[in-house]
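> structure, please.
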Amino acid sequence: MNYVYLIPLFPLLGFLINGLLALSFKTRSDEKIPGMSLVSWIGCGSVGLSFLTSITIFFKLLALPAGERVVQKIAFPWILSGTFHVDIGFLLDPLSSVMILVVTGVGFFIHVYSTGYMAEDKGYARYFSYLNLFTFFMLMLVLSNNFLLLYLGWEGVGLCSYLLIGFWYEKKTASDAGKKAFIVNRVGDFGFALAVMLIFWTFGNLNFTSVFENAPQVLAFGGGLVTAITLLLFMGATGKSAQIPLYVWLPDAMEGPTPVSALIHAATMVTAGVYMVARCHALFLLAPISMGVVAVIGAVTAIYAASIGLVQNDIKRVLAYSTISQLGYMFLACGVGAFTAGIFHLMTHAFFKALLFLSAGSVMHALAGELNMQKMGGLKKHTPVTFWCFLAGTLAISGIPLFSGFFSKDEILWKAFSSSSGHFLLWLVGVITAGMTAFYMFRLFFMVFLGKSRMNPHVEAHVHESPKPMTIPLIVLAVLSVIGGYVGIPKSLGGSNRFEGFLSSVFEGGHEVSAEATAHAPSAEYLLMIISIAVVLTSIFLSYRFYIKNPDIPKRLAAKYKTAYNILSNKYYVDEFYNKVIVNPLLNLAWFLWKKFDVLVIDGTANGIASLVKWGGGVIRKTETGYLRNYTLSLIFGAMLILAYFILR
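Numbering: from 1, shown residues only. The predicted structure is shown next:
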């Protein structure tokens, strides 16, 4: 484990090499993309090496006794200033080992997929350099052993998100989406930065181990200081993980390349907020108000985003709102003290959501970039591999038994109902959200792959399955979407929940909070599970009736409930509200400060002083005549003034 630094180092080297290649290729005018094979090997190979290193370190960590699975490695001192001391240091424990496996494993297959998806793009080397840089920052984020290094990775992935969302910067919608993501995240990151400052002011250092061990002695349970720190931390999480009210950037982020959506905006970066809350569970457990806020925001976001997904027709935006909803599930778990369940869903979600986004990319590849589901249909016969992979992902996210999403989703619902921090209403919102998720995901599946073709005849004539560099990652992720949840089979279903056991040393306090769950009879867990499955199956049946058996039903319902449909279709008009109440007033204020204050006051004052000096110089210049008699006269006049002063004073 002494070579943990290699995990982020490999992608960093990939970024540097591909970045230099991108600069050199920029001057070339060849029709064919230069150095494509070299860029592919460097981009994919660097992440692949990180993945292999992560697997090796994971098994070394697993071989240690449960109580010794915490290893810190200091690379070198970073900042030394008085009492302020921060290192570039790495923390290896069960939580960080799960995260590095997700980041490098899913990231590697998305890199491979990108070699096919981006094959015709002129910015090929630039794309892979950005993707490698993102992987580096994400790995620094999850491996950091202190808040400042975590914040560095946090801001780094935000930068890469901006670069990749706006990758096709010639397209205005893409550049606007990149700016929107960057600005909205600055709001959340401001809160995160304040939290880091408060932590240093309170504890005198930023090391995780020191802060978390001393927190119970330094911070009062439920006190104002710990509540302020945790709420500010969660403010950062709402931005990065797209929760209410800072979720609005994620749907627009779909303007970037689809593999970017799969890696950054589904599987890794947007889960950084969940990871951070879980990592800081020792602080959150001391702040019951903050825990309640996390749970409520997570539950409300989950059902809110799911309701929007019911009527969207852009295939990637449906998945975007699904991502926001599933992230809400993860925060709901953390808010009721079920941190393990939240991280379990983070892992399974990475598998099936990356699969769904990449499958959507395969559909777009087959249909020449088409995104509107109303112009699809009947793709099963044209793209059989994509069809079966998408079905696996849809079954997993819907929570169908024996698929990965079933185990993690039902674990969250059970803890939301049974834990001491849970509540019946939180469980009810979660169940309704599960039903909505199954409905809109099978709506998407039916509209794209089954039923009658609604494709443009010219497009349909050229529909084809994606090449192997794209389909092989789909197959691997489909397998993980099926079996990925078996590491967390609960005891109620005959399993030992090895995932919870592996993370128990990290979330020991969180398990104590949810220990009340054991007081409920096993029959209660079975009953809730049956209700959840029944709701999901009913939703799938309704989706089948609406979009396969009788496609006219949705049209009639939309016409009958036009107001409700328009509200959902226009995403509750939140973007319009933000534009009217926040964005436009700020733009008007900026315009006023520029035209009235900056131009008239600031520039006017500077220009006025300059004009005054110029006028004064012009007056004084006239006294410089070059005649000796004038200078002699001025000297005599000056001497007379001095003499008069001394005589009359």
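> now do the host helix or strand of residue 179: distance to the chain's middle.
Taking DSSP states H and E as the definition, one finds residue 179 inside helix 172-203. Computed by Cα atoms, centre = their mean, to the nearest Å, the chain-centroid distance of helix 172-203 equals 12 Å.
> list the buried residues for the next helix or strand after that helix?
Next helix or strand after helix 172-203 toward the C-terminus (DSSP H and E): helix 208-218. By neighbour count on 16 or more other Cβ atoms under 10 Å, the buried set for helix 208-218 is 208, 211-212, 215. (Each C-beta comes from the backbone N, C-alpha and C, glycine too.)
> please pull up the helix or strand immediately following helix 208-218.
Using DSSP H and E, the helix or strand that follows helix 208-218 in sequence is helix 224-240.
> circling back to that earlier point, quick one: buried residues of the helix holding residue 179?
174-175, 177-178, 180-182, 184-185, 187-189, 191-196, 198-200, 202-203.
> give the partner strands of the longest strand anywhere in the chain in its sheet and their orientations.
Longest strand in the chain, counting residues (DSSP state E): strand 71-81. Using DSSP bridges, the strands paired with strand 71-81 are strand 84-92 (antiparallel).
> where does the stretch 401-550 of the chain dip in pLDDT?
Applying pLDDT under 70 to the stretch 401-550 of the chain picks out residues 509-522.
> how about the chain?
By pLDDT under 70, the low-scoring segments of the chain are 1, 25-34, 509-522.
> C-alpha coordinates for stretch 326-339, CSV please?
This file holds the C-alpha atoms of stretch 326-339, laid out as CSV (Å, rounded to 0.1, in the frame of the first residue of the first chain):
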residue,chain,number,x,y,z
GLN,A,326,-31.3,8.7,-7.2
LEU,A,327,-28.8,11.0,-5.5
GLY,A,328,-31.8,12.1,-3.4
TYR,A,329,-32.2,8.5,-2.3
MET,A,330,-28.5,8.4,-1.3
PHE,A,331,-28.9,11.6,0.8
LEU,A,332,-32.1,10.2,2.3
ALA,A,333,-30.1,7.2,3.5
CYS,A,334,-27.3,9.4,5.0
GLY,A,335,-29.9,11.7,6.7
VAL,A,336,-31.4,8.7,8.6
GLY,A,337,-28.0,7.5,9.7
ALA,A,338,-27.8,4.6,7.1
PHE,A,339,-24.5,5.7,5.7
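> list the buried residues for it?
By neighbour count on 16+ other Cβ under 10 Å, the buried set for stretch 326-339 is 326-339.
> contacts for the longest strand of the chain, please.
With Cβ atoms under 8 Å, 6 or more residues apart in numbering as the test, strand 71-81 has contacts from 1-2, 4-5, 61, 85-93, 145, 148-149, 209.
> for the spatially closest residue to residue 372 that is not a sequence neighbour, give me its contacts.
Computed as Cβ to Cβ, 6 or more residues apart in numbering, the closest residue to residue 372 that is not its neighbour in sequence is residue 313, at 5.6 Å. Residues in contact with residue 313, defined by Cβ under 8 Å, 6+ apart, are 372-374.
> and if you look at residue 117?
Neighbours of residue 117 in contact, by Cβ under 8 Å, 6+ apart: 257-259, 361, 365, 470.
> hmm, try it at 6 Å
Taking Cβ atoms under 6 Å, 6 or more residues apart in numbering, we find residue 117 in contact with 259, 361.
> got a list of what the residue nearest to residue 451 when sequence neighbours are not counted touches?
Distances taken as Cβ to Cβ, 6+ apart place residue 377 nearest to residue 451, at 4.9 Å, with adjacent residues excluded. Residue 377 makes contacts with 451-454, as judged by Cβ under 6 Å, 6+ apart.
> can you do 7 Å?
Counting by Cβ atoms under 7 Å, 6 or more residues apart in numbering, residue 377 touches 447, 451-455.
> which of those lies closest to residue 423?
For the contacts of residue 377, the residue nearest residue 423 by Cβ to Cβ is residue 447; the value is 35.8 Å.
> which one of the contacts of residue 377 is nearest residue 354?
Residue 354 has its nearest neighbour among those in residue 447, at 21.4 Å by Cβ to Cβ.
> so the closest one is in which element?
Using DSSP H and E, residue 447 sits within helix 424-449.
> alpha carbons of the next helix or strand after that helix, as CSV, please.
Once helix 424-449 ends, the next helix or strand along the chain (criterion: DSSP H and E) is helix 457-460. Taking C-alpha atoms only, helix 457-460 is exported to CSV below (Å, rounded to 0.1, in the frame of the first residue of the first chain):
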residue,chain,number,x,y,z
PRO,A,457,-37.1,6.8,-42.9
HIS,A,458,-33.7,8.1,-44.1
VAL,A,459,-32.3,7.7,-40.5
GLU,A,460,-33.9,4.3,-40.1
